[in-house]
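**Q** next input, structure requested:
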Amino acid sequence: MNENTFGQDLEFLNRHVETIVLSNSEGASAIVVPAYQGRTMTSTSTGMSGASYGYLNYDAIAAGNCDPQINLYGGEDRMWISPEGGQYSVFFDPNVEMLYENWRTPACLDTEPFALTGHDETSASFERVAKLTNWSQFVFDLKMERTVTLLDTATAAEHLGCSLDGLSVAAHESKNRLGNIGESPWELETGLIGIWMLCMNKPAAGATLLVPFKVGSESELGPIVNADYFGKLDQSRLQVDEPGGLVYFLGDGKMRSKLGLTYKRVQPYLGSWDRDRGILSVVQFNLPDAAPNGYNNNLWEIQKEPYSGDVINGYNDGPNESGGQLGGFFELETISPALALKAGESYTHLHRTIRMEGDRQALSQVSMSVFGVDLDEIERRFQS
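**A** Below you'll find the model as predicted:
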């Protein structure tokens, strides 16, 4: 595939924004951009001439901050705030109708930079103080802090619980803290917010999202997966292996579609296999032992159950109702619980991304260890 190398992506980004490059002695690197909320834009496991793993929207980056709704620059690890929809949404002005033309990304998550507070060879820390007003007119005084760290292969192998011998590895994690710095507590009745992390990936005809779930009866755990966000999906795009506890979801960037898992079903990881590029990805996060206030519901409607939302999402981009498209990508997303924070309290959500390439048999063994299936089985699901 004729795509930019990591070094070429770095050169492109440096023409438009200030970058920070994290690197280790193994050849792994990651690019972090303070102006884009300290997000990790892309990474590589094999140096400047190696593959660039993250999705970059080159047109949006070159254009600058010009879109009043969202400037979709891309990035492997970016921080957002939930909920997106509902009576407690922070993506709609108070009391407006929840239509696309009224939707906008809060500036502190889109066009405003995070301040750099610390930086060394393998990590960078950022913060941002902001106010957000939800649809129901409650004002959040908040502080967002995040530290991005590039990990070595041994640490990544420990987190995965399997050997990564013979593979090139780029692993990075972000610790994202959301704090209430106002005088008023955040309460269920006026709306709660949470941390929402997004990992954007390049699409491909053979890219498959892998979403594990807890096996059990629907009466006990509820539906396995909610995949009706933009209409029903058939077996050519979504398959559920109920005995194996794994959902397969196509990431070709050609049809707008989304899935989500609730707290009772979710496992603390998900991932993808990009057959065309030979890249296996795993995203891990800290799933709490309890979520007494539930998870924010992001649907664009006045909700009967605003705290019955998803813990993870998989998103595949494609043409929307107007015929336009955000850019063509797929996302692996993790979300914190809805946060009922008293004044002075904070919560930290960890989001870790591990990319691997190299010997197919070694990659297949990792896939078997993490997801319970080998690469042949994954590829069989959406043959093209």
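**Q** which regions of the stretch 251-384 of the chain sit below the pLDDT cut-off?
**A** By pLDDT under 70, the weakly predicted segments of the stretch 251-384 of the chain are 321-325, 384.
**Q** quick one: the helices in it, in order.
**A** 360-371, 375-381 (DSSP state H, counting those that start in this stretch).
**Q** could you export the first one as CSV, CA atoms only?
**A** Just to be clear, that refers to helix 360-371. This file holds the C-alpha atoms of helix 360-371, laid out as CSV (Å, rounded to 0.1, in the frame of the first residue of the first chain):
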residue,chain,number,x,y,z
ARG,A,360,2.3,-13.9,10.7
GLN,A,361,2.5,-17.1,12.9
ALA,A,362,3.7,-15.0,15.8
LEU,A,363,0.9,-12.5,15.3
SER,A,364,-1.6,-15.3,15.0
GLN,A,365,-0.4,-16.7,18.3
VAL,A,366,-0.9,-13.4,20.0
SER,A,367,-4.4,-13.1,18.5
MET,A,368,-5.2,-16.6,19.8
SER,A,369,-3.9,-15.7,23.3
VAL,A,370,-5.8,-12.4,23.5
PHE,A,371,-9.0,-13.0,21.5
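**Q** tell me which residues in it are buried?
**A** Neighbour-count burial for helix 360-371, counted by 16 or more other C-beta atoms under 10 Å, picks out Ala362, Leu363, Ser364, Gln365, Val366, Ser367, Val370, Phe371. Every C-beta, even on glycine, is put in place using the N, C-alpha and C of the backbone.
**Q** from Leu363, how far out is the last one?
**A** Looking back up the chat, that one is Phe371. According to C-beta to C-beta, to the nearest Å, Phe371 stands 11 Å off from Leu363.
**Q** what's the answer for Pro212, then?
**A** In terms of C-beta to C-beta, Pro212 sits 18 Å off from Leu363.
**Q** what of Pro68?
**A** 42 Å.
**Q** still on that earlier bit, Gly231: which of the helices of the stretch 251-384 of the chain is closest?
**A** helix 375-381 (20.2 Å; C-beta to C-beta).
**Q** other SSEs contacting the host helix or strand of Arg177?
**A** Assigned by DSSP states H and E, Arg177 belongs to strand 167-180. The helices and strands touching strand 167-180, judged by 3 or more C-beta pairs under 8 Å, 6 or more residues apart in numbering; DSSP states H and E, are strand 29-33, strand 39-44, strand 78-82, strand 139-151, helix 153-160, strand 194-201, strand 346-358, helix 360-371.
**Q** need these in CSV with distance to Asn293, can you?
**A** Below are those laid out as CSV (distance: least, C-beta to C-beta, whole Å):
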stretch, distance to Asn293
strand 29-33, 31
strand 39-44, 27
strand 78-82, 12
strand 139-151, 15
helix 153-160, 28
strand 194-201, 9
strand 346-358, 11
helix 360-371, 30
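**Q** where does Gln8 fall, secondary structure wise?
**A** With DSSP H and E as the test, Gln8 turns up in helix 6-14.
**Q** elements contacting that helix?
**A** strand 29-33, strand 39-44, helix 58-63.
**Q** nearest to Glu331, out of the ones you listed?
**A** Among the helices and strands packed on helix 6-14, the nearest to Glu331 by C-beta to C-beta is strand 39-44 (13.0 Å).
**Q** for the residue positioned nearest the centre of the chain, which residues make a bridge with it?
**A** Central residue of the chain (C-alpha atoms, centre = their mean): Leu198, 1.9 Å from the mean position. Beta-bridge pairing for Leu198 (DSSP bridges): Arg78, Glu333.
**Q** report the contact partners of it.
**A** Applying C-beta atoms under 8 Å, 6 or more residues apart in numbering, we find Leu198 in contact with Gly75, Asp77, Arg78, Trp80, Glu331, Leu332, Glu333.
**Q** would you list those in JSON lines and tack on distance to Asp93?
**A** Below are these laid out as JSON lines (distance: C-beta to C-beta, whole Å):
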{"residue": "Gly75", "distance to Asp93": "26"}
{"residue": "Asp77", "distance to Asp93": "28"}
{"residue": "Arg78", "distance to Asp93": "23"}
{"residue": "Trp80", "distance to Asp93": "18"}
{"residue": "Glu331", "distance to Asp93": "25"}
{"residue": "Leu332", "distance to Asp93": "30"}
{"residue": "Glu333", "distance to Asp93": "24"}
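**Q** tell me the one of the residues you listed nearest Met48?
**A** Gly75 (19.2 Å).
**Q** thought that closest one was touching Gly38?
**A** No. Here Gly75 does not reach Gly38: they are 10.1 Å apart, not a contact under C-beta atoms under 8 Å.
**Q** neighbour count winner among those two?
**A** Gly38 (29 against 23; other C-beta atoms under 10 Å).
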